[in-house]
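S.K.: Make a model of this:
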Amino acid sequence: MLSAHLAEKIISEVKKLLSEDIIIVSKTGTIIASTDKKRIGDYHEGALLAAAHGESRIITKEDEKALSGVKAGINLPVFLNQEVIGVIGITGSPSDVSPFGIIIQKMTELLIRENHYSELFEWQTRALEGFIFEWLQQRNIDASFLERARLLGINMNSKRQVILLQWPHSLEPLTRNQWQQMLEWPEKKQNDLLVRWGNERMILLLEVTSNVPTKDKIQNFIQFSNSIVPGLRAGVGRAVDGIYVTQSLQQAERALKSIDDHQILCFDEDLIIELILDELSADTKRDYLAKTLSPLQDEDDLMLTIKELFQQNQSLKKTAEALHIHINTLHYRINKIKTLTGLSLNNVYDVTALYLAFLLLDKSTKK
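M.R.: As a prediction, the model looks like this:
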């Protein structure tokens, strides 16, 4: 409960307030941290008595002769949840150091309590992450797994919807403060589960009930999340029974890959063409790109022209304006595209083929 590492941290904080020597002693009487490094590991009988009686103990010059390992000063028991877990000692004239006693004792208890709840939070977070990882990987949902769900307070009978969030590669992993803020999302219900999913992702397993519209709630969550971690994007799977959450995760992955440069959120249920593209094998995708865009791979201007033409819904005027080129230059580029690929941007079949190729190319660069 009171580790040497934590004791050193407490010593470091307390000595900012006092110039006197300070010790932290285990409840069994061993000094585990001290401003005087030579005393670490020594037995301290005064601290042992303070811990045993749960009361502060003044150490006098006479006590130095009668008690083992002590120096004049004051020993104060440290409590966590009404239990003595150690003792902090301040060396010096009892009349000089006693006025600081209660303040130092309370400060020490505050640091220990903060550390305790931080460790408890991390343990609960890791336990939840481990459980959800197994759940989403479709491991065996047996009696043991269901018992773990019960202990974690997870309702396995609810419908669930996976929201997969990803932040830019350039950002550092979330700080504890950012993570805590995410968990305090105002609309988060008890059965909504939010966990980290690798270094750049997190997952929200949203509980879906028939009387609560999830689309607005999800949009609010993404907006809230972006206020904490700007640049977050999210793909949303469909609502499924709890035992089928893997399907919702796969759909969320597909939706996330389908997000373009102007989006931060995509629902799998809104996808159409992407449903087909996602089923194609890697070999098929490579062959398709080789037959369509391969002749243009070194023609940056032409690739940019096609992409902009699609973004402008094939409006020649808007495309020329967006590219800052003359309309005649645009016509020249379109003709060159036809010469190199054999595909005409005036033919519906050819345009469809090129558009699908661009979708495939865009998705392959996001993997």
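S.K.: What are the boundaries of the helices in the stretch 151-300 of the chain?
M.R.: 176-183, 214-228, 245-257, 273-277, 282-292, 300-311 (DSSP state H, counting those that start in this stretch).
S.K.: These into a markdown table, with extra columns for mean pLDDT?
M.R.: Converted to a markdown table, the helices of the stretch 151-300 of the chain look like this (pLDDT from 0 to 100):
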| stretch | mean pLDDT |
| --- | --- |
| helix 176-183 | 85 |
| helix 214-228 | 91 |
| helix 245-257 | 91 |
| helix 273-277 | 76 |
| helix 282-292 | 88 |
| helix 300-311 | 91 |
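S.K.: could those be laid out in CSV, adding distance to residue 158 and mean neighbour count?
M.R.: Yep, even glycine has a C-beta here, placed from its N, CA and C like the rest. Shown next, in CSV, are these (distance: least, C-beta to C-beta, whole Å; neighbours: other C-beta atoms under 10 Å):
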stretch, distance to residue 158, mean neighbour count
helix 176-183, 19, 14
helix 214-228, 12, 16
helix 245-257, 10, 21
helix 273-277, 26, 14
helix 282-292, 36, 14
helix 300-311, 40, 17
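S.K.: how about these in JSON lines, adding distance to residue 95?
M.R.: Formatted as JSON lines, these follow (distance: least, C-beta to C-beta, whole Å):
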{"stretch": "helix 176-183", "distance to residue 95": "42"}
{"stretch": "helix 214-228", "distance to residue 95": "51"}
{"stretch": "helix 245-257", "distance to residue 95": "66"}
{"stretch": "helix 273-277", "distance to residue 95": "78"}
{"stretch": "helix 282-292", "distance to residue 95": "80"}
{"stretch": "helix 300-311", "distance to residue 95": "80"}
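S.K.: These: which one's closest to residue 39?
M.R.: Nearest of the helices of the stretch 151-300 of the chain to residue 39, taken as C-beta to C-beta: helix 176-183 at 33.2 Å.
S.K.: now the angle from that closest one to helix 214-228?
M.R.: Compare the direction of helix 176-183 with that of helix 214-228 by axes from the mean of the first three to the mean of the last three C-alpha atoms, to 10 degrees and you get 160 degrees.
S.K.: Export helix 176-183 to CSV, keeping only CA atoms.
M.R.: Only the C-alpha atoms of helix 176-183 are listed here, as CSV (Å, rounded to 0.1, in the frame of the first residue of the first chain):
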residue,chain,number,x,y,z
ARG,A,176,-4.4,11.0,-18.0
ASN,A,177,-6.2,14.3,-17.7
GLN,A,178,-7.5,14.1,-21.3
TRP,A,179,-8.6,10.5,-20.8
GLN,A,180,-10.4,11.5,-17.6
GLN,A,181,-12.2,14.3,-19.5
MET,A,182,-13.3,11.8,-22.1
LEU,A,183,-14.8,9.5,-19.5
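S.K.: coming back round to it: for residue 162, find the nearest of the helices of the stretch 151-300 of the chain.
M.R.: Nearest of the helices of the stretch 151-300 of the chain to residue 162, taken as C-beta to C-beta: helix 245-257 at 4.0 Å.
S.K.: which helices and strands sit right next to the closest one?
M.R.: Counting contacts by 3 or more C-beta pairs under 8 Å, 6 or more residues apart in numbering; DSSP states H and E, helix 245-257 packs against helix 94-136, strand 159-166, strand 201-208, strand 233-236, strand 265-267, helix 273-277.
S.K.: Which neighbouring elements make contact with the fourth one?
M.R.: Contacts of strand 233-236 with other secondary structure elements, assessed using 3+ C-beta pairs under 8 Å, 6+ apart, are made with strand 159-166, helix 214-228, helix 245-257, strand 265-267.
S.K.: TSV for the ones you listed, including distance to residue 61?
M.R.: TSV is the format used below for the helices and strands packed on strand 233-236 (distance: least, C-beta to C-beta, whole Å):
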stretch	distance to residue 61
strand 159-166	64
helix 214-228	57
helix 245-257	69
strand 265-267	72
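S.K.: between the ones you listed, which one is nearest to residue 282?
M.R.: Once the helices and strands packed on strand 233-236 are compared by C-beta to C-beta, helix 245-257 is nearest, at 13.8 Å.
S.K.: Among the helices and strands packed on strand 233-236, which comes closest to residue 281?
M.R.: When these are ranked by proximity to residue 281 (C-beta to C-beta), helix 245-257 comes first, at 15.2 Å.
S.K.: residue contacts, residue 18?
M.R.: For residue 18, the contact set (C-beta atoms under 8 Å, 6 or more residues apart in numbering) comprises 90, 97, 100, 104.
S.K.: Nearest to residue 295, out of the helices and strands packed on strand 233-236?
M.R.: helix 245-257 (25.9 Å).
S.K.: and the helices and strands packed on helix 245-257, which one is worst for confidence?
M.R.: With a mean of 76, helix 273-277 has the lowest mean pLDDT of those.
S.K.: CA atoms only for that helix - export them in CSV, please.
M.R.: This file holds the C-alpha atoms of helix 273-277, laid out as CSV (Å, rounded to 0.1, in the frame of the first residue of the first chain):
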residue,chain,number,x,y,z
ILE,A,273,-20.2,1.8,-53.0
GLU,A,274,-17.8,1.2,-50.1
LEU,A,275,-19.7,-2.0,-49.1
ILE,A,276,-18.6,-3.6,-52.4
LEU,A,277,-15.0,-2.2,-52.3
